[in-house]
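> fold the following.
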Amino acid sequence: MNRRQAISRMAILLGGTLSAPTLSAMERMGTPSVNSADFSLTETQRKILAEVAEHIIPKTNTPGAKDAGVPAFIEMMLKDCYKAPEHNSFITGLVNLEKKNFLNQNKTEQIATLKEVEKENKELMKAYSVKQIKVGDNVDKESMEGKVGVPFWRLVKELTLFGYFTSEQGVTTNFTYEPIPGKFEPIKVQKGQKVTYH
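The predicted structure follows:
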């Protein structure tokens, strides 16, 4: 299975929990956005993005977001698969962190800053005005009203998870592949046990 197939399957699995622009981006993979030329990050913004992603999935006894190449994945996805509203909201989020001198904060201060951003995100998501619409037989999507993009924190979390769990490092360190499953038996998952997939 290649990465594109993995992302598509993950999008189907998570369906209703993803924002409409992210679901649309999954459908547009391989077809660059007409707005892609308008999106680019500065070196400082790339460094901020890398630190934010690493805080979301830090390196422990398994690789973190940086090890899995998540920051580059996020930038590629935004450039190639998202539209202007998300480009704008993402850049705004990075600019706000830059104004807060995020890169010069210690780890504890960075975490506190990101908790503030997450708290603000709850209000931004309310203002974003989402509604559920039916697509196909039983697939729910969120539909945006207006031209405001999905807030930065929601986007960066979605894309960090996508980038990590469709990377080689994310899959091999968090999942166990069993090509020939036996009969279905409910089991008690042990602490630290990998998720099994077939």
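
> what separation is there between the nearest residue to T44 once chain neighbours are set aside and F162?
Counting by C-beta to C-beta, 6 or more residues apart in numbering, T44 lies nearest to E98, which is 6.1 Å off, once chain neighbours are set aside. In this view, the C-beta of every residue, glycine as well, is placed from N, C-alpha and C. With distances taken as C-beta to C-beta, to the nearest Å, E98 is found 24 Å from F162.

> could I get the buried residue list for the lengthiest helix in the chain?
Taking DSSP state H as the criterion, the chain has its longest helix at helix 107-128. By neighbour count with 16 or more other C-beta atoms under 10 Å, helix 107-128 contains the buried residues Q110, T113, L114, V117, N121, L124, Y128.

> equivalent analysis for stretch 154-167, please.
Quick answer for stretch 154-167 (16+ other C-beta under 10 Å): 154-167.

> a markdown table for those, including secondary structure?
Shown next, in a markdown table, are the buried residues of stretch 154-167 (DSSP: H, G, I helix; E, B strand; the rest coil):
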| residue | secondary structure |
| --- | --- |
| R154 | helix |
| L155 | helix |
| V156 | helix |
| K157 | helix |
| E158 | helix |
| L159 | helix |
| T160 | helix |
| L161 | helix |
| F162 | helix |
| G163 | helix |
| Y164 | helix |
| F165 | helix |
| T166 | coil |
| S167 | coil |
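
> this protein: helices as residue ranges?
Under DSSP H, the chain gives helices at 3-14, 20-28, 43-56, 70-81, 84-99, 107-128, 152-165, 168-174.

> show me the shaky parts of this protein.
Scanning the chain with the threshold set as pLDDT under 70 gives 1-37, 129-148, 171, 174-184, 194-198.

> repeat that for 80
Scanning the chain for pLDDT under 80 picks out 1-38, 125-148, 168-198.

> how about the buried residues of stretch 154-167 in CSV, adding distance to T62?
Output for those, formatted as CSV (distance: C-beta to C-beta, whole Å):
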residue, distance to T62
R154, 24
L155, 24
V156, 20
K157, 18
E158, 20
L159, 19
T160, 15
L161, 14
F162, 17
G163, 15
Y164, 10
F165, 12
T166, 15
S167, 12
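
> show me which of the residues you listed is closest to K47.
Checking the buried residues of stretch 154-167 against K47 by C-beta to C-beta gives V156 as the nearest, at 14.1 Å.

> that closest one and L94, how far apart?
According to C-beta to C-beta, V156 stands 9 Å off from L94.

> before I go, just wanted to say thanks for your time.
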